[in-house]
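*Asks:* Sequence first, then the predicted structure, then my questions.
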Amino acid sequence: MGIIAKDVVRRVQTVLHDSSPAYARWPLAELTDWINDGAAEVVIRRPAARAVTASLVLVAGTRQDIPANGLELMDVIRNMGSDGQTPGRPIRLINRFMLDEQLPDWHSAAGAVTKHFAFDERDPTQFWVFPQAVAGNQVEIRYSESPPVLTPAQVDDGATEIDLDRAYIGPLTSYVIWRAMSKDSEYGNGAIATQHFTMFNEALATRNAVTSAVSPNEGAG
């Protein structure tokens, strides 16, 4: 279940004492911007919050890009044939510098299916495949993407959802309060802003730590 955008607004207004009349101190347009910014920041700090698994059509060559709305590659899982529906050989991560050292001509090596992929965290929307891809072949990837951007009307209608699990309503609320209280105005408060920014970061850091602790991979041999 996603987060109702207006539920975030109600929580923010309760803390900010800005509900009667509504939006008197912080306009709806500002709250909307901060909700959209906060949702994107949640995914940056916790990619699993908006993880997508999908088939990607490869272009010819070794360098590939994730979809335009993607933020960061998480995994390249397996070959999926030319139709994107035919599971094939799994794809394993490999160190690009090892390929450079041992197979200097790997960018021109041809092959029927993808065997390996390489990734550089400095460019998280791009990866390389080995051997070089045949245009039109597809692989299954997992990547994070930004939630759709909402308009003020959608935030205020009481029905539109932010495309994040409801478990993230607390951190998102703290993010919006941080932005509101950081505003240079008579209602701003640096101490409260800092408190909520800390709450935002700590909530997501704790979620990441818990996920790692209970991951099924912890028991893998």
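*Replies:* Looks like it arrived, so ask away. Because the structure is predicted, anything quoted here is derived from the model rather than measured. Residues are numbered from 1 along each chain as shown.
*Asks:* Tell me which residues are up against the one helix or strand Asp37 maps to.
*Replies:* If you go by DSSP states H and E, Asp37 is part of helix 28-45. By C-beta atoms under 8 Å, 6 or more residues apart in numbering, the residues outside helix 28-45 that reach it are 5, 8-9, 12, 22-23, 49-50, 71, 144-147, 149-152, 155-156, 162-164, 168, 171-172, 175-176, 179-180, 183, 200-201, 204-205, 208. The C-beta positions use only the backbone N, C-alpha and C, and glycine is treated the same way.
*Asks:* Quick check: PyMOL command selecting the buried ones in the residues you listed.
*Replies:* Listed next is the PyMOL selection for buried residues among the contacts of helix 28-45, using 16 or more other C-beta atoms under 10 Å:
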select buried, resi 5+8+9+12+23+49+50+71+144+145+146+147+150+152+155+156+162+163+164+168+171+172+175+176+179+180+200+201+204
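*Asks:* picking that back up, please state the mean pLDDT value computed over the helix holding Asp37.
*Replies:* Averaged across helix 28-45, pLDDT comes to 96.
*Asks:* can you give me the helices in the protein?
*Replies:* 5-16, 28-45, 96-102, 152-156, 169-182, 190-214 (DSSP state H).
*Asks:* what comes into contact with the longest strand seen in the chain?
*Replies:* Taking DSSP state E as the criterion, the chain has its longest strand at strand 70-79. With C-beta under 8 Å, 6+ apart as the test, strand 70-79 has contacts from 43-44, 47, 50-53, 66, 87-91, 93, 113-114, 117, 119, 124-127, 129, 137-146.
*Asks:* quick revisit: deepest-packed of the helices of the chain, please.
*Replies:* When the helices of the chain are scored by mean count of other C-beta atoms under 10 Å, the highest mean neighbour count falls to helix 169-182 (a mean of 23).
*Asks:* nearest spatial neighbour of Pro124, skipping sequence neighbours?
*Replies:* Nearest non-adjacent residue to Pro124, counting by C-beta to C-beta, 6 or more residues apart in numbering: Glu72, 3.9 Å away.
*Asks:* Count the residues that sit near the one you found.
*Replies:* Neighbourhood size, Glu72 [other C-beta atoms under 10 Å]: 17.
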